[in-house]
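J.: Take this sequence and fold it.
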Amino acid sequence: MKTNSWVKTILAAALIIILTIIIVIFAFFYRISSQNRKHEQLETEIKQQMKDAVNDYANDYGNVVPILESYPDGNGKCGFRLSESGSDKTEKSYELEATRDAGKSWSVVNDDPFAGKTGIAEGIIFFTTQYGYIGLTDETGEKSEIYVTYDGGESFINIEISVDMVPQLKYDAADYDYYSMPTESDGKTSINVTTMRSDSGELVFVSEDDGKTWSPAE
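T.: Coordinates of the predicted model:
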């Protein structure tokens, strides 16, 4: 009888130990799971905040406002940016500002770079401290214009491209009125011109004289 009692005591103790271990393991994984849920919730909230921030800077067609700063000197000290000078969300006006100290301070170079036109800035790109481009779309985001400067932004010229130089256009030349921001490669500057029709395709025009003249890409 004493032996049976001793065995029962050992079994009861072992059972208590096993249950304790199970509870500890359960609590450990529950804590990890809870932390993961909190992390996922926090991550979701952060993503939503970022999405909301982007949406605050999007037009009615869902096009995110582009980066409006450009640093052409290679060391990040000299730069240009388009700064909003009006309060209208779809017909904005802009100033061109410049920095010489990596963005610590900015000064206005041109208080009306788009010559009185309003809309939504498409972008800004300077290839040198004197030569660069800025772009402006209308309030619908369906049309855009590109402007070029050769004097560090003090003055701009509206680029005009003769789309009718391209043979066998699918649509009227006047319909090709959306200009992408220029890119530069191998000493050539390129601009894509398109319509808002999904099947119109893109026309590529190239300049070999810093945007003074443009011709269809071969």
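J.: Low-confidence ranges, this protein, go.
T.: Regions of the chain meeting the criterion pLDDT under 70 cover residues 1-8, 12, 32-67, 86-90, 198-200.
J.: Could I get the full set of strands for it?
T.: If you assign secondary structure with DSSP state E, the strands in the chain sit at 69-70, 79-84, 94-99, 107-110, 120-126, 132-137, 144-149, 157-158, 178-179, 183-185, 188-194, 202-207, 215-216.
J.: Using JSON lines, lay out these together with mean neighbour count and distance to Leu11.
T.: C-beta coordinates here come from the backbone N, C-alpha and C atoms, glycine included. Formatted as JSON lines, the entries for the strands of the chain read as follows, by neighbours: other CB atoms under 10 Å; distance: least, CB to CB, whole Å:
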{"stretch": "strand 69-70", "mean neighbour count": "18", "distance to Leu11": "74"}
{"stretch": "strand 79-84", "mean neighbour count": "20", "distance to Leu11": "77"}
{"stretch": "strand 94-99", "mean neighbour count": "21", "distance to Leu11": "79"}
{"stretch": "strand 107-110", "mean neighbour count": "15", "distance to Leu11": "85"}
{"stretch": "strand 120-126", "mean neighbour count": "23", "distance to Leu11": "77"}
{"stretch": "strand 132-137", "mean neighbour count": "24", "distance to Leu11": "80"}
{"stretch": "strand 144-149", "mean neighbour count": "21", "distance to Leu11": "82"}
{"stretch": "strand 157-158", "mean neighbour count": "12", "distance to Leu11": "92"}
{"stretch": "strand 178-179", "mean neighbour count": "21", "distance to Leu11": "82"}
{"stretch": "strand 183-185", "mean neighbour count": "12", "distance to Leu11": "79"}
{"stretch": "strand 188-194", "mean neighbour count": "18", "distance to Leu11": "81"}
{"stretch": "strand 202-207", "mean neighbour count": "17", "distance to Leu11": "80"}
{"stretch": "strand 215-216", "mean neighbour count": "14", "distance to Leu11": "91"}
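J.: Nearest to Ala13, out of those strands?
T.: Smallest distance to Ala13 across the strands of the chain (CB to CB): 71.1 Å, for strand 69-70.
J.: Give me the contacts around the closest one.
T.: Gly79, Phe80, Arg81, Gly103, Ile124, Ile125, Phe126, Gly132 (CB atoms under 8 Å, 6 or more residues apart in numbering).
J.: The same query, at a cut-off of 10 Å, please.
T.: Surrounding strand 69-70, the residues in contact under the criterion CB atoms under 10 Å, 6 or more residues apart in numbering are 78-83, 97, 99, 103, 106, 123-127, 132-134.
J.: how distant is stretch 210-218 from the center of its chain?
T.: When C-alpha coordinates are averaged (CA atoms, centre = their mean, to the nearest Å), stretch 210-218 and its chain have centres 27 Å apart.
J.: correct me, but Tyr179 touches Gly135?
T.: Yes: in this structure, Tyr179 is within contact of Gly135 by CB atoms under 10 Å, at 6.9 Å.
J.: Now for these two: what residues contact both?
T.: Glu122, Ser144, Glu145, Ile146, Ile159, Ile191.
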